[in-house]
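**Q** generate coordinates for the sequence data below:
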Amino acid sequence: MKRPARLILIFLLPMATAMFVYGMARLFQLRFESGDVYPAYSSLRTDPLGVKAFYASLEELDEPRVERNFQPFEKLPGRGDAALLVLGVQPADFDMTDANLADSIETYVRTGGRLVVTFFPVGKEPLPFWREGAQKKQQTGPPGGKTPKDQEASPLDGFGLVSLCKRWGVELDYTRLIPDEEGVSQPITATRVAPMVGTDSLSWHTALYFTGLDSSWKTIYAAEDRPVIVERKLGRGSIVLSSDSYFLSNEAMRKERHPPLLAWLIGPCPQVIFDETHLGIAEHPGVMTLARRYRLHGLFAGLLALVGLYLWKSMARFVPPWEESDGPHTVQLASGKDDTSALVNLLQRNISSAELGTVCFREWERTCARTGRIPSARLDRIRTAMELEENLPARERNPVELYNQISRIIAERN
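**A** Okay, here's the model as predicted:
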């Protein structure tokens, strides 16, 4: 590839990567701003199916205080003066609840909390596959000789599940909503039947209603003489059940607002908590959560930079690698010279020409002269010549002539 084309690719690749990252970030930002990535009736959702308008309106008030809950209900700190809003609950989830969770909810209410549960609106009765399985279990009886009465009081299906309907004395049932020409179920009218300050009537968008209420329940609203909003006391607190969640949605806040009903729903509680965990929006604390909480973004960025520099240092070669030549003992250096040239260059940098003869003689005397092959008389002559060379000024010394003189003395015949 030609050099100009390579330079163009080097500049275009980072630009294309940056544009891709920006586009993805912008796409996620738009999705999260609209809120349609969250489930229906979430306080984080801003489209007609969310309840963020209700949350934001409470947030603008000095009292009550409002917040969201992303922790499991068992970890929710005891707040006996708070109203907990659990919106958009599926009827099957309400009828099959974890036993420990049910105990925690009742403890929360008994200590003075207000629990508000609104159900997801449905146009008709869903197919109750889980009810058919429970009925078969009750008919056959459990493996252990328990009676149907004992099984009804025990956790459902042996998975630690209980029915809040049975524990709280209420049953869920369905009516039939009349569809229009396009097959869309039309809402009915719910009328206030309790002496409370609130809206006399409002539209109701679900086929679900409550039946089999025990004496502790009080009907607040009814649609076609069927209870749709009920309330009961439990300990020092209270429970409110609503078969519809539409009147809390963003669409209802724009088309059909009922502030008195919303005020009654919260009650006199100085704090309102919107639960998000039942919708699958939960916080899982980890390293990144702690990093965001304590603003450790700079530390992580510095660590990533250090790791990148370390990897770059490990991979980059500042000196070209040595290449072995075809010869058995010659090594090619970066400059293209062999090892002998490198040794000569090293000696030239560290030993001057005036000291070369002396250094070479000392090394020769330390190694070769001790073998005994050269007579002592010749060694004395060589030492004398070396002393004469050392007594000369540095400029007058001639290492080459000294080398030739010593070589002639060694080469003489006996």
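**Q** residues near the residue nearest to Asn100 when sequence neighbours are not counted, how many?
**A** In space, and not counting its chain neighbours, Asn100 is closest to Glu74: 6.8 Å by Cβ to Cβ, 6 or more residues apart in numbering. (Glycine included, C-beta is placed from N, CA and C.) Glu74 sits with 11 neighbouring residues when counted by other Cβ atoms under 10 Å.
**Q** export stretch 362-375 as PDB, just CAs?
**A** Extracted as PDB, the C-alpha positions of stretch 362-375 are listed here (Å, rounded to 0.1, in the frame of the first residue of the first chain):
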ATOM      1  CA  ARG A 362      49.400  -5.900  30.300                       C
ATOM      2  CA  GLU A 363      46.700  -8.300  29.000                       C
ATOM      3  CA  TRP A 364      49.300 -10.300  27.100                       C
ATOM      4  CA  GLU A 365      51.500 -10.500  30.200                       C
ATOM      5  CA  ARG A 366      48.600 -11.600  32.300                       C
ATOM      6  CA  THR A 367      47.600 -14.500  30.000                       C
ATOM      7  CA  CYS A 368      50.000 -15.700  27.400                       C
ATOM      8  CA  ALA A 369      53.300 -14.800  29.100                       C
ATOM      9  CA  ARG A 370      52.600 -17.200  32.000                       C
ATOM     10  CA  THR A 371      52.600 -20.300  29.800                       C
ATOM     11  CA  GLY A 372      56.400 -20.700  30.000                       C
ATOM     12  CA  ARG A 373      56.900 -21.000  26.200                       C
ATOM     13  CA  ILE A 374      58.900 -17.700  26.000                       C
ATOM     14  CA  PRO A 375      62.300 -17.700  27.700                       C
END
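**Q** can you give me how far that stretch is from the chain middle?
**A** When C-alpha coordinates are averaged (Cα atoms, centre = their mean, to the nearest Å), stretch 362-375 and its chain have centres 76 Å apart.
**Q** got the contact list for stretch 252-271?
**A** The contact list for stretch 252-271 (Cβ atoms under 8 Å, 6 or more residues apart in numbering) reads 53-54, 57-58, 63-67, 79, 81-83, 114, 116, 196-199, 202-203, 238, 240, 242, 246-248, 272.
**Q** and it, how far apart are its ends?
**A** Using Cα to Cα, to the nearest Å, the end-to-end distance of stretch 252-271 comes out at 23 Å.
**Q** and Val359, how many residues sit next to it?
**A** Val359 has 14 neighbours, counted by other Cβ under 10 Å.
**Q** please report the distance of it from Asn345.
**A** Distance, Val359 to Asn345, by Cβ to Cβ, to the nearest Å: 16 Å.
**Q** how about Glu125?
**A** Relative to Asn345, Glu125 is positioned 96 Å away (Cβ to Cβ).
**Q** next SSE downstream of the helix-or-strand element of the chain with minimal mean pLDDT?
**A** Scoring the helices and strands of the chain by mean pLDDT, DSSP states H and E places helix 148-153 at the bottom, with a mean of 40. Using DSSP states H and E, the next helix or strand after helix 148-153 towards the C-terminus is strand 161-162.
**Q** list of residues touching whichever helix or strand comes after that next one?
**A** As assigned by DSSP H and E, the chain's next helix or strand after strand 161-162 is helix 164-168. By Cβ under 8 Å, 6+ apart, the surrounding residues in contact with helix 164-168 are Phe94, Asp95, Thr97, Ala102, Ile105, Glu106, Glu152, Glu171, Leu172, Arg232, Leu234, Ile239.
**Q** please repeat the previous calculation with a cut-off of 6 Å.
**A** The contact list for helix 164-168 (Cβ atoms under 6 Å, 6 or more residues apart in numbering) reads Phe94, Asp95, Thr97, Glu171.
**Q** next, count neighbours for the closest residue to the last one other than its chain neighbours.
**A** In this structure, Glu171 finds its nearest non-sequential neighbour in Gly212, 3.6 Å apart by Cβ to Cβ, 6+ apart. In terms of burial, Gly212 registers 12 neighbours under the definition other Cβ under 10 Å.
**Q** for Gly212, phi and psi?
**A** Reported as degrees, to the nearest 10, the phi and psi values for Gly212 are phi 60, psi 30.
**Q** and Lys313, by the same measure?
**A** Taking degrees, to the nearest 10 as the convention, Lys313 sits at phi -70, psi -40.
**Q** which residues touch it?
**A** Taking Cβ under 6 Å, 6+ apart, one finds nothing in contact with Lys313.
**Q** the protein - how does it break down into domains?
**A** Here the domain parsing of the chain from automatic domain parsing is 35-284, 351-411.
**Q** weakest of these in terms of mean pLDDT?
**A** Across the domains of the chain, domain 351-411 has the smallest mean pLDDT, namely a mean of 80.
**Q** buried residues, the helix or strand containing Val400. List them.
**A** Applying DSSP H and E as the criterion places Val400 in helix 399-411. Neighbour-count burial for helix 399-411, with 16 or more other Cβ atoms under 10 Å as criterion, is recorded at Pro399, Leu402, Gln405, Ile406, Ile410.
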